[in-house]
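Undergrad: Show me the folded form of this:
(one chain, ligands or ions: 3)
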Amino acid sequence: MLPLLRHLIPDLSKNASLYVHRSHRSVPSWGQTCRAISACSRASGLKFRGNNQQYREKTTTSSPVAMSAVFPDSEAVKICWLDGSSAKFHNIWLRDHCQCKQCYNHDTHQKELNILDVPLDIQPVNVAINDQNSLSIKWPDSHETIYDAEWLKKHSYSGGTKPLNHKDELLLWDKKTIESNMPCGFDFTNVLSDDDELFALFQGIIRYGFAFVDNTPTEVGAIEEVATKLGGFVRETHYGKLWEFSNEVLEHADTAYTALYLRGHTDNTYFTNPAALQMLHCIGHEGTGGMNLLVDGFFAAEKLKKDDKDSFDFLSSTTLPFHYKSESLHLKAHGPIIELDPFGGGISRIRFNNYDMETLGGIKYADIPQYYKALRSFTGLTCAPENQFWFKLVPGLLLIMGNWRVLHGRSSFTGKRTMHGCYLNGDDFFGMYRAKAAARSM
Ligand code: OGA
Ligand code: ZN
Ligand code: ZN
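TA: Ligands and ions are numbered 1, 2, ... in the order given. Here you go, the predicted structure:
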């Protein structure tokens, strides 16, 4: 084992008692990191898959809520439920959301109704509660809409907009937190063959921003098999579909293809829609260094919000330019470093790559000092050792990381280091996750 690794890895085993437990896992035989992580898993009494159970409980505990009264007026219908809650729904909203067979295609889950067929000032001619659990609304053209009491409660909007991302599913981490809550121990064969294992992997990636899959074969096709399970498709880019890259050839205009230190960054900042997931698998390294780095960008952004609110506000409201430039391709995109959920649910995406920043534009002269102060503050948090998780990828240990949240990097290295990798789209990954979660909550 190399001296550098010996220095960096023991942290993992020190926290052994808190590591997640995957009791049925075989002992990995390759690589020190994997052994350290797995040793931690074995030593703990906690089950990672416990989170899966929690999820099921959370999504199935809500019981039907009956209605107690309705109060229609010229603009809206107020509904009161037996549990004491109430909400108002606009008449036009109630007509627009009708889910009868005429207004909604239940085979395609698509709306049929043309909003031009609904007058802005539409009013029901009759509103009645049937058996407390459904609401019947009769419209002037004799059309009838039936609503389920629980459905209406779930979709009530009088309390304001609802966040798009669910903060409760995330565990924001610094070094100490992640080293005692390692999302590791998923097994390649089980992920491919066992739906519970696969679902737990989805949850792990969402909750922690990354996860490891053990026993992954070193053929590049292996990561495609996992990618297919996690989103159906690999995202093809100018780097290709499945990559095998090493420091021996500068195949693309990117520091990743060298042996240089790579500071924490997210990938694809120069795409209008950066890949949501990235997989990395080190299939061979004969040399020193090449440690892998992860930093929770959401944690860093939340800390910035707490410690330096002005900088947080600046970075979440200022659009910055990013680019990728080679002889044949010049990609450009822009966005804030900290992107906020437009419905007030907090931080939704980090776009942070100092390497890919284009010449600044669009920031007012007077705001430049504030920009650099904010950029230094956030960069400082991502570079602080207490926020960084360092480890070493080894053959067999596949890293899957959320590129909208977690920054990755690596230390400089000697010798030849060969990596496999690929990207996945957020629409594919979250789309598959939503469908699986819904099926499990039925
Ligand atoms: C990358 C990258 C890190 C590594 O390819 O985007 O950051 O460990 N690679 O080589
Ligand atoms: Zn209808
Ligand atoms: Zn990268």
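
Undergrad: neighbours of the residue of the stretch 251-400 of the chain found nearest ligand 1, just the number please.
TA: Nearest residue of the stretch 251-400 of the chain to ligand 1 (CB to the nearest ligand atom) works out as A256 at 3.5 Å. The C-beta positions use only the backbone N, C-alpha and C, and glycine is treated the same way. A count of neighbours around A256, defined by other CB atoms under 10 Å, yields 22.

Undergrad: likewise the one 4 residues further on?
TA: Burial of L260 is recorded as 13 neighbouring residues (other CB under 10 Å).

Undergrad: Now it: phi and psi?
TA: The phi and psi values for L260, taken as degrees, to the nearest 10, are phi -80, psi 160.

Undergrad: In contact with it, which residues?
TA: Going by CB atoms under 8 Å, 6 or more residues apart in numbering, L260 touches S412.

Undergrad: Quick check: it vs G289, distance?
TA: 10 Å (CB to CB, to the nearest Å).

Undergrad: which stretch of helix or strand covers the residue lying closest to Y239 once chain neighbours are set aside?
TA: Nearest residue to Y239, sequence neighbours excluded (CB to CB, 6 or more residues apart in numbering): H252, at 6.0 Å. Applying DSSP states H and E as the criterion places H252 outside every helix and strand.

Undergrad: Check what pLDDT H252 gets.
TA: Listed pLDDT for H252 reads 73.

Undergrad: Let me see the confidence value for the spatially closest residue to Q370 that is not a sequence neighbour.
TA: In this structure, Q370 finds its nearest non-sequential neighbour in F314, 5.6 Å apart by CB to CB, 6+ apart. pLDDT recorded at F314 is 98.

Undergrad: Using the three-state scheme, assign F314.
TA: helix (DSSP: H, G, I helix; E, B strand; the rest coil).

Undergrad: That one and A374 touch, don't they?
TA: Yes. Using CB atoms under 8 Å, F314 makes contact with A374 at a distance of 4.2 Å.

Undergrad: Could you confirm the residue of the stretch 251-400 of the chain closest to ligand 1 falls within a strand?
TA: No. Using three-state DSSP, the secondary structure at A256 is helix, not a strand.

Undergrad: Give me the buried positions along stretch 211-224.
TA: 211-218, 220, 222-224 (16 or more other CB atoms under 10 Å).

Undergrad: for the stretch 201-350 of the chain, what spans make up the helices?
TA: 221-231, 297-307, 309-317 (DSSP state H, counting those that start in this stretch).

Undergrad: T359 is nearest to which of the ones you listed?
TA: helix 309-317 (18.3 Å; CB to CB).

Undergrad: got the contact list for the closest one?
TA: Contacts for helix 309-317 (CB under 8 Å, 6+ apart): 301, 304-305, 336-340, 347, 367, 370-371, 373-375, 377-378.

Undergrad: Same question for stretch 373-384.
TA: So stretch 373-384 is contacted by 263-264, 295, 297, 300-301, 303-304, 307-308, 310-312, 314-315, 318, 337-338, 352, 354, 387-388, 407 (CB under 8 Å, 6+ apart).

Undergrad: what do you get for stretch 237-249?
TA: Counting by CB under 8 Å, 6+ apart, 220-221, 223-224, 234, 251-252, 256-259, 268, 271, 275, 283, 324, 326, 329, 331, 413, 416-423 sit against stretch 237-249.
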